[in-house]
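1. Build me a structure from this.
(one chain, ligands or ions: 1)
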Amino acid sequence: MTTRDSFSSQFGVLVAVAGSAVGLGNFWRFPYMVGTYGGAAFILVYLLFVALLLPIMYSEFVIGRRSQSNAYGAFKALAPGTQWKGIGTLSVVASFAILSFYCVVGGWTIEYIVQAVTGKFSANSASLEQTFENFTTSSFRPILWHLLFVGSCSVIVVAGIKNGIEKYTKVLMPVLLLMIIFLAIRSLFLPGASKGVAFLFNPDFSKITGESLLAAMGQAFFSLSLGMGCIVTYASYVKKEDNIMKLGLGSGMADLGFALLASLAIMPAVFAFGISPAEGPGLVFIILPRIFSQLPFGSLFASVFFVSLFIAAVTSGISLIEVITAYATEELKLSRKSSVIITFVIVAIFGSLSSLSQGVLKDFTLFGKGFFDMFDYLSSNILLPLGGLLIVIFTGWVLKKGVVKDELSSGGRYNVPIFGVIMFVIKYIAPIAITLIFLSSLGLLKIF
Ligand code: TRP
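-> Reported below is the predicted structural model:
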């Protein structure tokens, strides 16, 4: 048997995990959620959830690196003969569910790159809305772009960890950082930008509601790539001497930093042009093109932005595909290439259905939702919190405390400064908080 692939350096792990976390969740979902749920107050609640979920990030690192195995094999190795490996099955299902709508939006970014580069954006917001609507509801183009998106991710994953994922994210992540900083600066210097800054940093606590709490928790799970073995899988390629406490904190902070930078790039511009921040999911695709079209060199800025969005989405898409690939190669003994091809075919089918559900298949619903919304709802509101809950229970109650400490300290190489606090959150706070919010999201409990 050949030795298992691994990341070549600690920096490689950091950019790969940050690359997984930073994605459409930061650039597309976070800004519109901040806009919808009232700005600074939402950001504050979000910060609390990031702090709460960081111990889940550590748990996934512990499980992955300890077992050196895919999301299914990891639980099989750490708790032999038990049903905990079901978390692995859940992870594979969640990967497919997320990929089935994520890659469709990834495809949209390609359409918008094409439109930006060819200077198609007009200053008329009605027609931009129409453009978005016409494009997303049409049948052929969105599916074509979606396939191109899944294809781009697949090519990188086939190449492996060191020569694929690490090699590309190492270049793409710093490029992405430069691009978003550049856009944030451009946006901050627009006349009237300060109202947007105030919206982001002056909290109005009356805006915190039960609903915004739920939204913030779901967003934190989604954005940090937690709850479905994604970090377990990446962590399984991390060397024994790498400092996973530092890596967990570093990637969590990178994710948060990108979300804040994305809001700084978007909100000041939204306010400078007198647009409502509560525009919803269309914020990026409808509002930004309008803003860009009114700026000097707008099509250059628009191209930069949508290329950034595409890059961010690809480095996340590959992490979702890797969860399935690692499972298929190690548990089902398929070759890496066949695993990726099979994944491609399945995602192509589900993704096409989810893309068509925006248009011709609009009336075809399951549990009252079209395919796109169903995959989105199923993953963020059910599979991720459920997976996250099981992962912390496993780490806190099934794994021995010594094992957790040994991993977090990388075999005693590093200090684990607040180990007691981390364990307390893993054992009690996180499971209780997730259960309460989970139940209330299913309508089984009313918190507010
Ligand atoms: N975190 C990514 C984003 O914000 C999406 C993502 C990648 C993800 N891997 C995941 C979400 C695993 C949940 C679970 O775009």
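2. who touches the residue lying closest to Y414 once chain neighbours are set aside in this structure?
-> Of all residues not flanking Y414 in the chain, N243 sits nearest, at 5.1 Å (C-beta to C-beta, 6 or more residues apart in numbering). Glycine gets a C-beta too; all of them are placed from N, C-alpha and C. Residues near N243 by C-beta atoms under 8 Å, 6 or more residues apart in numbering: 10, 410, 413-414.
3. and N243, backbone torsions?
-> phi -90, psi 100 (degrees, to the nearest 10).
4. which of the contacts of N243 count as buried?
-> By neighbour count, with 16 or more other C-beta atoms under 10 Å, the contacts of N243 hold 10, 410 as buried.
5. and of the contacts of N243, the nearest to the ligand?
-> Distances from the ligand to those, taken as C-beta to the nearest ligand atom, are shortest for Q10 (20.5 Å).
6. quick one, what contacts that closest one?
-> Going by C-beta under 8 Å, 6+ apart, Q10 touches 242-243, 246-247.
7. for those, which one is nearest the ligand?
-> Closest to the ligand, out of all of the contacts of Q10 and judged by C-beta to the nearest ligand atom, is L247, at 15.9 Å.
8. Wait, a helix at I342?
-> Yes: counting by DSSP: H, G, I helix; E, B strand; the rest coil, one finds I342 located in a helix.
9. So what's the residue count around it?
-> Residues lying near I342 (other C-beta atoms under 10 Å) number 15.
10. cool, and the one 5 residues further on?
-> Counted with other C-beta under 10 Å, the burial measure for V347 works out to 29 neighbours.
11. and it, how far is that from the ligand?
-> Counting by C-beta to the nearest ligand atom, to the nearest Å, the gap from V347 to the ligand is 14 Å.
12. list the buried ones in the strand or helix carrying that residue?
-> Assessed by DSSP states H and E, V347 sits inside helix 336-356. Judged by neighbour count (16+ other C-beta under 10 Å), helix 336-356 contains these buried residues: 336, 339-340, 343-344, 347-348, 350-356.
13. Redo those residues as a markdown table? Include pLDDT.
-> Output for those, formatted as a markdown table (pLDDT from 0 to 100):
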| residue | pLDDT |
| --- | --- |
| R336 | 92 |
| S339 | 95 |
| V340 | 96 |
| T343 | 96 |
| F344 | 97 |
| V347 | 97 |
| A348 | 97 |
| F350 | 96 |
| G351 | 96 |
| S352 | 95 |
| L353 | 94 |
| S354 | 94 |
| S355 | 94 |
| L356 | 94 |
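14. Out of these, which comes closest to S316?
-> Closest approach between the buried residues of helix 336-356 and S316, by C-beta to C-beta: V347, at 13.8 Å.
15. Identify the residue spatially nearest to the closest residue to the ligand within the stretch 251-400 of the chain, adjacent ones excluded.
-> The stretch 251-400 of the chain approaches the ligand most closely through S316 (3.9 Å), counting by C-beta to the nearest ligand atom. In this structure, S316 finds its nearest non-sequential neighbour in G23, 3.2 Å apart by C-beta to C-beta, 6+ apart.
16. Cheers, nothing more for now.
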